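Novice: kindly generate the corresponding structure for this input.
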Amino acid sequence: MEKKTKKGKAAVQPFPDIPSRTFDLLPRFVEKFGKKKVMFSCKVDGAWKKYISRDIVKMTDTISQGLIGLGVGKGDRVAVVSNNCPQWNMVDFAVQQIGAILVPIYPTVRQSDFDYILNHAEPKIVFVEGSLLHNKVKDILAAMPTHPKEFAFNPVVGMMTLRGLMVSVKIDKKSLAALQARKDDVDPEDVATIIYTSGTLGTPKGVMLTHNNLMSCVAHYGPHYPVPSSHKVVSFLPLSHIYERSVLYTHLYLGNSTYYVENFGTIIRDIADVRPEHFTTVPRVIEKVYNGIIRKGEKLKGLKRRIFYWAFQLAERYDETGVKNGRAYRFKLYWANRLVFKDVRKAFGGRLEFIISGGASLQPRLVRLFAAMNIPIVEGYGLTETSPVIATNSLALGIIKAGTVGVPCSSVQFKIDPESGEILVKGSAVMKGYYKNEEQTKIAIDEEGYFHTGDIGEFDEDGLLKITGRMKEIFKDSMGKYISPALIEGKFTESPLISMMMVVGENQKFAAALIVPNFENLKTWCEENHIPYTTNTEMIQNKEVNDRFRKEVDKYNKFFGDFEKVKRFELVDREWTIDEGEVTPSLKIRRKIIAEHFKDLIDGMFAE
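Specialist: Numbers count the residues shown, from 1 in each chain. Coordinates of the predicted model:
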């Protein structure tokens, strides 16, 4: 029987021929899409180096044999500390197909997190990208009592490279038989990976995901994006995060070729070069791209400038559901696309059909804007503990609605706690548990098998899920009123002048906020108002700048009840960063650390 949304549309069915284990995706890719099809590509000395499927499978098997020769057994952990590259993928599959467990570590985590994760996971082998990342972990590895063996993807003095490991492997009938036996011994319910959560509230927890967990996401999430095997995809989110990794597994199932950007600074250039049909991202990247587009428009003069702003003002009124876009509006939008938006699409290579966004809530305004430009952004929702995607807006169902994360995937059952509003889920996507932490596992997964997400949500009139807050982030003011910081921050950061924001005020008489200005847009505003721009530190103390932000705060306060209004604010002279521990690798703010770093500013806002 087909499931239906409240709009009456049949829910998508899971992919029918999903492999039961992650590494089975590789031979399937060769068989269905050809041994010479590009599977992965990356920049080497400024040129794209392409890896065809036959070679990936062969090299992956060779790495597996090398690991077996090093004594890596079933259940042993192998860590990788690297940015995205084809070598990352080969190690991933090579580890999993011999029954071992991959432990990916973000290259940008705090030093204390490197120390904790490596000592907690106790990997037998550690792969690093090169000397830069090896310098971050070498002292930790040297002090570990287990003395893990170290290998590098790129040359590092005194270390064997991955290539060196592969060259050392003797391939014969015996080694091939041993590898096949190890593959045959891997069960879908075996742990495939341990991913340490980014720890916004404390010590990272090691999430154990099985082969079945990971393939469940491909089976039930992938069908919402029916794309042909001809699609090329650009990848820049870290594979260390389950979001990008699960999407990559889906690309392999669909037969798509994945191109890794050179670095975050070359995203737009590499997208224009590759000309992908879709890619995945997080809201922070979309916001930066949008701000870059607006900055270019600000440089235009006369009629061109007026047309540019007319087009974007028109796009902000777009109804992404298609219901309210009348004939007159569509006529105007036609000309906006001809005169302005076609150039935006060219900047993305000219072939982009859609963007998938996750990891955090995207401003509804940006969903409308990009949809008007014929670049729909499709939002989804999930957690590391749920493999990760468990709800999504859907191209297959024709459902894209700003402010929602779409329909539940059929891999899980949803339940909203009637008292707290917390989202609870159970099903094949839910993790096996936290590594070496039975106590936290029992807290997270109740006796009925429901995982407690910690997110607060509700279903709207169309049966689409809306995330309205985070259990541990909501606080009460001194009058007992509950305040959801995320809701307020999400609205305020729609402002072109506000880059980041953190609302505070627990047990206080009112809500206040730390605000990180969008310094590029602030510079433009200062220039237009004939205010000499000196330094960030000096400008946030400028009276005219503060008056301008007061107006902006007053503007967005109108969307909230009196107890939610931001009564006082302080501007911050720099962006919050991963290096300072203030945001996670997936760019969520770490409230506790920010509160510590800016304690004096926060205390000052509440001083009598």
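
Novice: other SSEs contacting the top strand by length along the chain?
Specialist: Counting by DSSP state E, the longest strand found in the chain is strand 451-459. Applying 3 or more CB pairs under 8 Å, 6 or more residues apart in numbering; DSSP states H and E, we find strand 451-459 packed against strand 412-416, strand 422-427, helix 438-444, strand 465-470. Placement of C-beta: from N, CA and C, glycine included.

Novice: can you do 6 Å?
Specialist: In terms of contacts (3 or more CB pairs under 6 Å, 6 or more residues apart in numbering; DSSP states H and E), strand 451-459 is packed against strand 422-427, strand 465-470.

Novice: can you pull the phi/psi pair for the residue lying closest to Thr577 once chain neighbours are set aside?
Specialist: Excluding the flanking residues, the one nearest Thr577 by CB to CB, 6 or more residues apart in numbering is Val583, at 6.5 Å. Main-chain torsions, Val583, degrees, to the nearest 10: phi -130, psi 150.

Novice: re earlier: pick the most deeply packed of the helices and strands packed on strand 451-459.
Specialist: Using mean count of other CB atoms under 10 Å, the stretch among those with the largest mean neighbour count is strand 422-427, at a mean of 21.

Novice: show me what Leu424 is bridged to.
Specialist: Lys415, His452 (DSSP bridges).

Novice: show me what counts as buried in stretch 317-331.
Specialist: Tyr318, Glu320, Asn325 (16 or more other CB atoms under 10 Å).

Novice: quick one: secondary structure of the residue nearest the centre of the chain?
Specialist: The centroid of the chain falls nearest to Gly359 when counting by CA atoms, centre = their mean (4.3 Å). Assigned by DSSP: H, G, I helix; E, B strand; the rest coil, the conformation of Gly359 is coil.

Novice: contact partners for it?
Specialist: Listed by CB atoms under 6 Å, 6 or more residues apart in numbering, the contact set of Gly359 reads Val282, Ser586.

Novice: mind checking how far it is from Lys296?
Specialist: 26 Å (CB to CB, to the nearest Å).

Novice: same deal with Phe341?
Specialist: Following CB to CB, the distance that separates Phe341 from Lys296 is 13 Å.

Novice: with Glu439 instead?
Specialist: Distance from Glu439 to Lys296, by CB to CB: 53 Å.

Novice: the more surrounded of these two?
Specialist: Lys296 (13 against 8; other CB atoms under 10 Å).

Novice: turn the buried residues of stretch 317-331 into a markdown table, columns for pLDDT and distance to Asp600.
Specialist: Written out in a markdown table, the entries for the buried residues of stretch 317-331 read as follows (pLDDT from 0 to 100; distance: CB to CB, whole Å):
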| residue | pLDDT | distance to Asp600 |
| --- | --- | --- |
| Tyr318 | 96 | 43 |
| Glu320 | 91 | 43 |
| Asn325 | 93 | 49 |
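
Novice: what about those, which are in helices?
Specialist: Per DSSP state H, helices hold no members of these.

Novice: could you export the residues you listed as a markdown table, including distance to Ala142?
Specialist: As requested, those are arranged in a markdown table below (distance: CB to CB, whole Å):
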| residue | distance to Ala142 |
| --- | --- |
| Tyr318 | 57 |
| Glu320 | 54 |
| Asn325 | 62 |
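
Novice: closest one to Phe459 out of those residues, please.
Specialist: For those, the closest approach to Phe459 (CB to CB) belongs to Glu320, at 18.6 Å.

Novice: phi and psi next, for the closest residue to that closest one other than its chain neighbours.
Specialist: Nearest residue to Glu320, sequence neighbours excluded (CB to CB, 6+ apart): Ala371, at 4.1 Å. Main-chain dihedrals, Ala371, degrees, to the nearest 10: phi -60, psi -40.

Novice: could we number from 578 for the rest of this?
Specialist: Shifting the count to begin at 578 puts that one at Ala948.

Novice: quick check: Ala948 touching Gly899?
Specialist: No. Ala948 lies out of contact with Gly899 (CB atoms under 6 Å); the separation is 9.0 Å.

Novice: picking that back up, from the buried residues of stretch 894-908, which single one is nearest Asn833?
Specialist: Glu897 (25.0 Å).

Novice: give the contact list for Arg894.
Specialist: Taking CB under 6 Å, 6+ apart as the test, Arg894 contacts no residue whatsoever.

Novice: now for Ser988, how many residues are close by?
Specialist: 22.

Novice: tell me who's in contact with it.
Specialist: Ser793, His797, Gly1004, Ser1005, Ala1006.

Novice: name the element Val1080 belongs to?
Specialist: Using DSSP states H and E, Val1080 falls within strand 1075-1081.

Novice: next structured bit after that strand?
Specialist: strand 1088-1094.

Novice: how far does that following strand sit from its chain's centre?
Specialist: 24 Å (CA atoms, centre = their mean, to the nearest Å).

Novice: what's in contact with the following helix or strand past that strand?
Specialist: Later in the chain than strand 1088-1094, the nearest helix or strand by DSSP H and E is helix 1096-1105. For helix 1096-1105, contacts defined as CB under 6 Å, 6+ apart pick out Glu875, Pro1073, Leu1074, Tyr1110, Asn1113.

Novice: centre of the chain to the following helix or strand past helix 1096-1105, how far?
Specialist: Per DSSP H and E, helix 1096-1105 leads on to helix 1113-1116 as the next helix or strand towards the C-terminus. How far helix 1113-1116 lies from its chain's middle: 31 Å, per CA atoms, centre = their mean.

Novice: cool, stretch 983-1002 as well?
Specialist: 21 Å.

Novice: picking that back up, how close does the residue nearest to Glu897 sit to Lys909?
Specialist: 15 Å.

Novice: same check on Lys1128?
Specialist: 29 Å.

Novice: who has more neighbours, those two?
Specialist: Lys909 (14 against 9).

Novice: which SSE is the more buried one in?
Specialist: Going by DSSP H and E, Lys909 is part of helix 904-913.
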